[in-house]
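J.: model the structure of this input:
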Amino acid sequence: MGAYDSSDVCDLIRLYILDILGKRFPSVLFSLYRDDALAISRGANGHTLDRLRKDLISAFGSVRLKITIETNLTTVDFLDVTFDLVSGTYKPYHKPNERLSYISTSSCQPPIVFMNLVKGVSKRILNLSSSQDIFNVATLYYNEALALNGFKDHIFYMPVLSFPRRRRRSGYWQWARTAHHISFRTALGRIGSFREKPKLQTGSLESNRTLRQNGSLDPKGDIVNSSVQGLHKVSLHILGEKAQMKGIKVDSFRQCDFIPVDFFEVRHIKASFKKLMKACVPSAPPSSPEHTLYKGVEDSEWLLQVQNVMQLAGAVVDLLDVQGSSVIICLEDGWDVTTQIVSVAQILLDPYYRTLEGFKALIEKEWLSCGHRFTHRSNQTAANQASGFAAIFLQFLDIVHQIHRQFPLSFEYNQYFLKFMAYHYVSNRFRTFMMDTEFERMEAGWLLEEKKAPKVDGPDEESGFSPKHSSTPVIGLSIWDYIEKHHRRSTVFFNFMYSPSDYDVVLRPYSNLQNLVIWNYFLNEDLAHGPSYDIEIMGREMRPNDNEQDADLTPHRRRKIINGCYDNILVQEPNFFSWEFQEIHRLETELGHLPQKWKVLWDKLEQPTRESLHRQTSFNTQLVRLHGRSIHKRSTLEILLKGKLLGETAKMFSQQHRFEKQSYTTPAYCDYCSHVLWGLVKTGDGKSLFPGMHCVNCGYNCHEKCMPHVPKNCKRLKAVPDTSASSSSISKTGGSEASSVSGGTGSCQMYDHFSGEHRTHEGYLYKRGALLKGWKQRWFVLDSMKHQLRYYDAMEDSSCKGYIDLGEVVSVQPIKNVQGAPKKSDENGCFELRTMRRVYNFLDTDAKSAQEWIDKIQSCIQ
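T.: As a prediction, this is how the structure comes out:
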């Protein structure tokens, strides 16, 4: 019973059996659980117990069930409790050789799990212990298990106090998602909580109280953190293309948030990589001194693409970790840019993917299984030559390199490992980066190949060539087997700065351009021996050279000259740890001992003890620590808010600054950081200039390093009072007009009444009719005080024909190719004013005058 039947049937059978036993044996207390049962009878002697055993066998036999009964026991283990029948006590039960284990504090679990785990274990042990002495003995076993998993709190004895229960107390449901979540509660009933909390309204959200190590919410957090919390919290965020989001009815999905994002397509990556290679590996010397390496890298926009992927991945991290929502990424076909963003986000979120084993699982899961077309993108066959090389995976490795550079203590693999992956990604030596789908690899027999552990102790293995490699030329070798073999034998892929106990659970790297560097994999070239990523060839080339060199040198002159432009410094002069392991291996070999693996020796090293100093940190220190997180979340907010403002609204509120280098004759202050624009420059005539960046539209001043952080809401030209009227000289064209502007002619006001008021801008414009679509010239007056755009038949007219309320304006932008425009008019002089009710089309003499109208109207509506 229980193994082949449903749970409902089993419960019914148990209840039926308990009913039978309760009627036949009223003085015995029974308890049933799955295939086990417990019967307790007080004050019974041996003869009575023997009779009771026979009656129980008969009772179960009446329902065709066979049971085995044990009597005369001193202790009984039932479920999680051990009953001492002699002393009448009970205690928690655990197996003799069982090793208790809890979830680690570094795992990605909801904060409520860590908060309630120790309390829940204490409550459970307290209920399973009959006295305080038994409780204290049992807690030793559980406290040790909690300490091994990183918990600092200990289990302590707290007697249960009885309080009068409040009447009409309503519980609540608590729904939770695994990994990253924010729980919400409803007044329906209570499930899965250890603490009492006041009832909340249905659907209300409650953020976590504590600040986790990985950066979860804290009510006392920074301003940007509070801004993230202030967003409308939904269960699912969908990042997609703008074209896909236009046809979605958002009202039908109230728990989903559709966010259009900007990203670089594959064609952009192809063109950018060509320009990057032309800059880093030029085929000829530059023809002009202006064509430098940094100029070529800037023109390639490679770092801009790296920045874009890092920002999108950072937004995913914040939505998962801070907002506690789920995220779906719907970009292109799902196997190029989407794979990049998802992979980078998982590396930032989960420390498992920063290990060698985790990185292998990430590549196999997100790149190979999800169908990234390695053959098509890498031009591995003649059929794909016309498509062009797309460095999608290479760009992903470059992004991991940027993160590794900022957090060197958080990765088990080193920079050489990333270069090794980048080199063999296009070398076609390994079968891992071949074929487009798992189906093709299945047909080739790669997925069905039996995986055998490579031998590492044979003589051929020491030289780098094993019979396994030579015997399988058709199927090929997996790069993971190759890496695993060399990782067991040497420290070539290991990062000696890796500190698993010190890394942050969630990484938030800087993605500004000044924080990104050119990967030296694109710049360096080993002229002495060629690329060092074929480890066997490099080992064979280095060995005879070292022997010849050692034979010619005397013991007093053991010196070798290394040229940084010709030799590979990392190969010629390895780091201290690698050199020490090589020396240990050499000495053990000379002594005739079996060399130990480097990992065994590394694990034997005693880690330095660290004293935890508890001191009160200053406010400035806390600001410095939160600076990186604030910058990261600011980037996320910009992506979310820019995606929220679709269409013309986004253009209206995201006007880019037009920065130009400015030399100030007097010291000026940065409008972003409020610091002096440093960098005093002496000119030839002895004058002092202060270089900086100046926006030619709104006059914003800032440092060059502050440019990426400046808010993207250029206000253009401010409203200029009492500007001179600019009349237009476009010839009139016939046409009728039926205008439906708010206000109408019934509420016309005298022009003299407004003449004394604030007039921001005025002039003649052609306005298109709403019904007959004809163009008619009118005199327009922009009033920033009354927030109106009034129009008259002529400049001398005193009767207002109507006005447009600027409070209803949604956007204003230039347009082209307008049908029915007047003859000899400039098509670049058209602009569109969109309100909540209708769309207005205007035409000015030229593009400059139209742009001036646009700037003045935008300055009034912002």
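J.: what sits against Ile569?
T.: Ile562 (Cβ atoms under 8 Å, 6 or more residues apart in numbering). The way it works is simple: take the backbone N, C-alpha and C, and place the C-beta from them, glycine included.
J.: going forward, the N-terminal residue is numbered 50.
T.: Understood, numbering begins at 50; the last thing we discussed is Ile618.
J.: surely Phe543 meets Asn463?
T.: Yes. Between Phe543 and Asn463 there is a contact under Cβ atoms under 8 Å: 6.5 Å.
J.: show me the helices in the stretch 700-849 of the chain, by range?
T.: 800-804 (DSSP state H, counting those that start in this stretch).
J.: so, low pLDDT: which residues of it?
T.: Low-confidence segments of the stretch 700-849 of the chain (pLDDT under 70): 700-704, 714, 727-740, 761-762, 764-807.
J.: buried residues in stretch 835-849?
T.: His836, Gln837, Leu838, Arg839, Tyr840, Tyr841, Cys849 (16 or more other Cβ atoms under 10 Å).
J.: would you convert those residues into JSON lines that also reports distance to Glu811?
T.: Formatted as JSON lines, the buried residues of stretch 835-849 follow (distance: Cβ to Cβ, whole Å):
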{"residue": "His836", "distance to Glu811": "15"}
{"residue": "Gln837", "distance to Glu811": "12"}
{"residue": "Leu838", "distance to Glu811": "10"}
{"residue": "Arg839", "distance to Glu811": "9"}
{"residue": "Tyr840", "distance to Glu811": "10"}
{"residue": "Tyr841", "distance to Glu811": "10"}
{"residue": "Cys849", "distance to Glu811": "13"}
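J.: show me the two of the residues you listed that sit farthest apart.
T.: Across the buried residues of stretch 835-849, the longest distance by Cβ to Cβ is 18.1 Å; it joins His836 and Tyr841.
J.: pLDDT below threshold where in the stretch 400-549 of the chain?
T.: Counting by pLDDT under 70, the stretch 400-549 of the chain contains low-confidence residues at 431-436, 497-524.
J.: looking at the buried residues of stretch 835-849, which are in strands?
T.: Among those, the members falling in strands (DSSP state E) are Gln837, Leu838, Arg839, Tyr840, Tyr841.
J.: the second one against Glu857, yeah?
T.: Read it as Leu838. No. Leu838 lies out of contact with Glu857 (Cβ under 8 Å); the separation is 10.7 Å.
J.: so for Leu397, what's the pLDDT?
T.: As predicted, Leu397 sits at a pLDDT of 93.
J.: again, but for Val391
T.: pLDDT, read off for Val391, is 94.
J.: burial measure for it, as a count.
T.: Using other Cβ atoms under 10 Å, Val391 has 22 neighbouring residues.
J.: so it: helix, strand or coil?
T.: Under DSSP: H, G, I helix; E, B strand; the rest coil, Val391 falls in the helix class.
J.: you'd agree it is up against Trp416?
T.: No. Using Cβ under 8 Å, Val391 is not in contact with Trp416; the gap is 9.9 Å.
J.: report the buried residues of the helix or strand hosting Lys323.
T.: If you go by DSSP states H and E, Lys323 is part of helix 315-329. For helix 315-329, a neighbour-count test (16+ other Cβ under 10 Å) marks Val315, His317, Ile318, Lys319, Ser321, Phe322, Lys324, Leu325, Met326, Ala328, Cys329 as buried.
J.: element containing the nearest residue to the second one once chain neighbours are set aside, please.
T.: With Cβ to Cβ, 6 or more residues apart in numbering as the measure, Gln354 is the residue that lies nearest to His317, at 7.0 Å, once sequence neighbours are left out. Assigning secondary structure by DSSP H and E places Gln354 in helix 351-370.
J.: I am finished for the moment; much appreciated.
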